[in-house]
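K.L.:
turn this into a model:
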Amino acid sequence: MELSHLKYFQLTAELQHITKAAEQLYISQPALSKTISKLENELGVKLFDREGKNVYLNDYGHCVLDHANRIFSELDEMEREISDMKNGTSGSLSVVSVYASSDPTWLISSLSHFIEKYPNVNIDFFKTEIDRLGELLLNREIDIAFSSTPIESQYIDWAPLFSEKIGIVLSERHPFANKKGLHMIDFKDERFCIMDVNSDSYNLTMDLCSSAHFTPNIGYLLDNSSLLGQVLTKGNCVSIITENGFYQSQARDKELNIPDDKVFIPLKDEFAKRTCYMGFLNNRYKTRSQMDFIDYIISITKDI
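P.N.:
Reported below is the predicted structural model:
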């Protein structure tokens, strides 16, 4: 069995169309059909159900595709390992966070400092929904993930980096603005302003309220963190925030000449904290750049 035959089969299975696959492979349609027929003859089974130019994987085809994907994934791992041996810390990293932009506050600056230290490493950094995090890691579409909600999987390791104090941010005109020693249950009758349902902010709010044995009254569900301050200023809602996040937002507001009219109320509950985790696959070869990045993040978060 030739690897090129598996590669042709893999692309055809992805596109579900003989002609389109042949065009991408720069071969004729009859040549592609002949190659797939040869693979089917070697295996002794048909891999596709055919309807004209369209093809659909049958059960045998799904089985072969699963193995083909693993084979080519292992070949990619081999090339990455050989590249490491030859070139040291270089290449690219795909890093994803489920936090709102610039939160946790240290992450963006840490990425910049890492690139300065390792200029031959390119980092692709983006935000995603927490529901997609496990899928992205397990499909090897990303290398490193940051979240406060670890995805349960035997193939993913989560390294706890640090924990942050959690509190409530509200308007200085709110009746609770001057109160001390409050617990989460004290806010059970308040309207909450939170980010969209796929965000870490949403999960954090729901978990804290659940720990305090009540369901939050969600007054505002936002998809843009910049709107949060404007809504809170009205004084008729509250929001969950980390202590570091609050003071960082205050500093940004000051730079933009935005009035300082919000107050941070620390919560006294033991469960009022957020742990930041870094996740990565444990069954995948880690390149030199990945290992250096993991070690770097662990070292700089020790004192947070």
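
K.L.:
for Gln154, give me the pLDDT.
P.N.:
pLDDT, Gln154: 92.

K.L.:
is it part of a helix or strand, or is it coil?
P.N.:
For Gln154, the secondary-structure state derived from DSSP: H, G, I helix; E, B strand; the rest coil is coil.

K.L.:
can you tell me how far it is from Asn282?
P.N.:
From Gln154 across to Asn282, the span is 8 Å (Cβ to Cβ, to the nearest Å). Where you see a C-beta, it was placed from the backbone N, CA and C, and this is true even at glycine.

K.L.:
quick one: which of those two has more around it?
P.N.:
Taking other Cβ atoms under 10 Å, Gln154 and Asn282 do not tie; Asn282 has more neighbours (11 against 7).

K.L.:
go ahead and confirm that one touches Asp157.
P.N.:
Yes - taking Cβ atoms under 8 Å as the definition, Asn282 is a contact partner of Asp157 at 4.6 Å.

K.L.:
pull up the overlap in contacts between the two.
P.N.:
Residues within reach of Asn282 and of Asp157 at once, by Cβ atoms under 8 Å, 6 or more residues apart in numbering: there are none.

K.L.:
so, low pLDDT: which residues of this structure?
P.N.:
With pLDDT under 70 as the threshold, the chain has low-confidence stretches at 84-90, 100-105, 196-199, 224-226, 256, 258, 304.

K.L.:
longest helix of it?
P.N.:
Using DSSP state H, we find that the single longest helix of the chain is helix 59-87.

K.L.:
burial count for the residue nearest to Tyr8 when sequence neighbours are not counted?
P.N.:
Using Cβ to Cβ, 6 or more residues apart in numbering and skipping residues adjacent in sequence, the residue nearest Tyr8 is Thr35, 5.1 Å away. Thr35: 21 surrounding residues under other Cβ under 10 Å.

K.L.:
quick check: buried residues in the host helix or strand of Thr35?
P.N.:
When elements are defined using DSSP states H and E, Thr35 is found to belong to helix 29-43. By 16 or more other Cβ atoms under 10 Å, the buried positions in helix 29-43 come out as 32-33, 35-36, 39-40.

K.L.:
now do the strands in the protein.
P.N.:
Using DSSP state E, the strands found in the chain span residues 48-51, 54-57, 91-97, 121-127, 144-147, 156-171, 191-195, 217-222, 239-242, 262-266, 273-281.

K.L.:
now for the longest helix of the chain, which elements pack on it?
P.N.:
Applying 3 or more Cβ pairs under 8 Å, 6 or more residues apart in numbering; DSSP states H and E, one finds that helix 59-87 makes contact with helix 3-15, strand 91-97.

K.L.:
I'd like the distance from that helix to the chain centre, please.
P.N.:
Relative to its parent chain, helix 59-87 has a centroid offset of 23 Å by Cα atoms, centre = their mean, to the nearest Å.

K.L.:
next, count neighbours for Gly61.
P.N.:
With neighbours defined by other Cβ under 10 Å, the count for Gly61 comes to 22.

K.L.:
quick check: the residue nearest to it when sequence neighbours are not counted vs Thr35, distance?
P.N.:
What sits nearest to Gly61 in space, not counting adjacent residues and going by Cβ to Cβ, 6+ apart, is Leu47, at 3.8 Å. Between Leu47 and Thr35 the distance, using Cβ to Cβ, works out to 12 Å.

K.L.:
shared neighbours, the two?
P.N.:
Common contacts of Leu47 and Thr35 (Cβ under 8 Å, 6+ apart): Phe9.

K.L.:
mind putting the helices and strands packed on helix 59-87 in TSV, distance to Ile82 and mean neighbour count included?
P.N.:
As requested, these are exported to TSV (distance: least, Cβ to Cβ, whole Å; neighbours: other Cβ atoms under 10 Å):
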stretch	distance to Ile82	mean neighbour count
helix 3-15	17	17
strand 91-97	12	19
